[in-house]
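J.: Here is my input, please return the structure:
(one chain, ligands or ions: 1)
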Amino acid sequence: MSGREAERDSSCSGEKISVYAESSGEFRVECPICGSEAIVRESLYELPKVGKAVLVSVVCKVCGYKRTDVVPCKVKKRIRIYYAVDSLEDLNARVIRSAAATVEIPELGVSVTPGAAASTVVTNVEGVLRMIQDAALSIEVLEGGAKGFAERLEKIVEKGGRFTLIIDDPWGLSSIEPPKSSAKLLVEEVEGSVNEGG
Ligand SMILES: [Zn+2]
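T.: Reported below is the predicted structural model:
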């Protein structure tokens, strides 16, 4: 329905309260994990390359659920980039990951969503693996398995491996550039994923 859209529209016009943030609002929703009351904060930002965007964070104090999203006010096409890595050389492919892009590696059961402080990162596939490694070790999202998981990534960085690197970018700004033209790369435009019906 349009309720959520209306909220976003109102979030997209506001007074400037800092360099980037122009306005912020707070409301409550039901926590998707435990059903308790979770707090949603929305701040309007002016971001380089993207323009106005609403930063939405959801925090549940009861179960610790946290989620941060950046929603551009101006609709851009969401893209999903798939890169089939199967050699050491593939780790050198250049990767540009926008601040809104989620990085997934299904074979490793990994999905890294950008944090509130995320910025656009220019790196390569190896750098993405390092980023995931750091995330695993610092947040210990995988509980006791973080160390073993980090070692597994280390092995891939050293010897190569077979996996699919997926970048899901609601802003459509991310890219993967293999060293030579490659059939291993697929870029898919996702229709109607942002601002549906708007
Ligand atoms: Zn909760």
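
J.: Toward the C-terminus, what is the element adjacent to the strand or helix carrying Asp134?
T.: Per DSSP states H and E: Asp134 is located in helix 125-139. Note on helix 125-139: by DSSP H and E, the next helix or strand toward the C-terminus is helix 146-159.

J.: Which residues does that next one contact?
T.: 88, 91, 108, 126, 129-130, 132-133, 136-137, 140, 142, 161, 163 (CB atoms under 8 Å, 6 or more residues apart in numbering). For every residue, glycine as well, the C-beta is placed using N, CA and C.

J.: How about the residues of the chain by the ion?
T.: 31, 33-34, 36, 60, 62-63, 65 (CB under 5 Å from the ion).

J.: follow-up on the earlier one: same for the helix holding Asp134, what does it pack against?
T.: Judged by 3 or more CB pairs under 8 Å, 6 or more residues apart in numbering; DSSP states H and E, the packing partners of helix 125-139 are strand 94-97, strand 102-105, strand 110-112, strand 121-124, helix 146-159.

J.: mind giving me JSON lines with these and columns for mean neighbour count and distance to Leu47?
T.: What follows is the helices and strands packed on helix 125-139, written out as JSON lines (neighbours: other CB atoms under 10 Å; distance: least, CB to CB, whole Å):
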{"stretch": "strand 94-97", "mean neighbour count": "20", "distance to Leu47": "15"}
{"stretch": "strand 102-105", "mean neighbour count": "20", "distance to Leu47": "17"}
{"stretch": "strand 110-112", "mean neighbour count": "18", "distance to Leu47": "20"}
{"stretch": "strand 121-124", "mean neighbour count": "14", "distance to Leu47": "14"}
{"stretch": "helix 146-159", "mean neighbour count": "14", "distance to Leu47": "30"}
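
J.: Let's have those in TSV, adding mean pLDDT.
T.: Formatted as TSV, the helices and strands packed on helix 125-139 follow (pLDDT from 0 to 100):
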stretch	mean pLDDT
strand 94-97	90
strand 102-105	94
strand 110-112	87
strand 121-124	88
helix 146-159	88
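
J.: Now tabulate these in TSV and tack on distance to Val40.
T.: Listed next are the helices and strands packed on helix 125-139 as TSV, based on distance: least, CB to CB, whole Å:
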stretch	distance to Val40
strand 94-97	25
strand 102-105	19
strand 110-112	22
strand 121-124	26
helix 146-159	29
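
J.: Start and end of stretch 67-84, how far apart?
T.: One end of stretch 67-84 sits 28 Å from the other (CA to CA, to the nearest Å).

J.: What residues sit buried inside it?
T.: 68-73, 76, 78-83 (16 or more other CB atoms under 10 Å).

J.: where does the protein have low pLDDT?
T.: Applying pLDDT under 70 to the chain flags residues 1-24, 48-50, 74-76, 116-117, 139-144, 181, 192-198.

J.: What are the structural domain limits within it?
T.: By the assignment in automatic domain parsing, the chain contains the domains 3-72, 78-189.

J.: so Leu173 touches Lys77, yeah?
T.: No. Counting by CB atoms under 8 Å, Lys77 is not a contact partner of Leu173; they are 10.4 Å apart.
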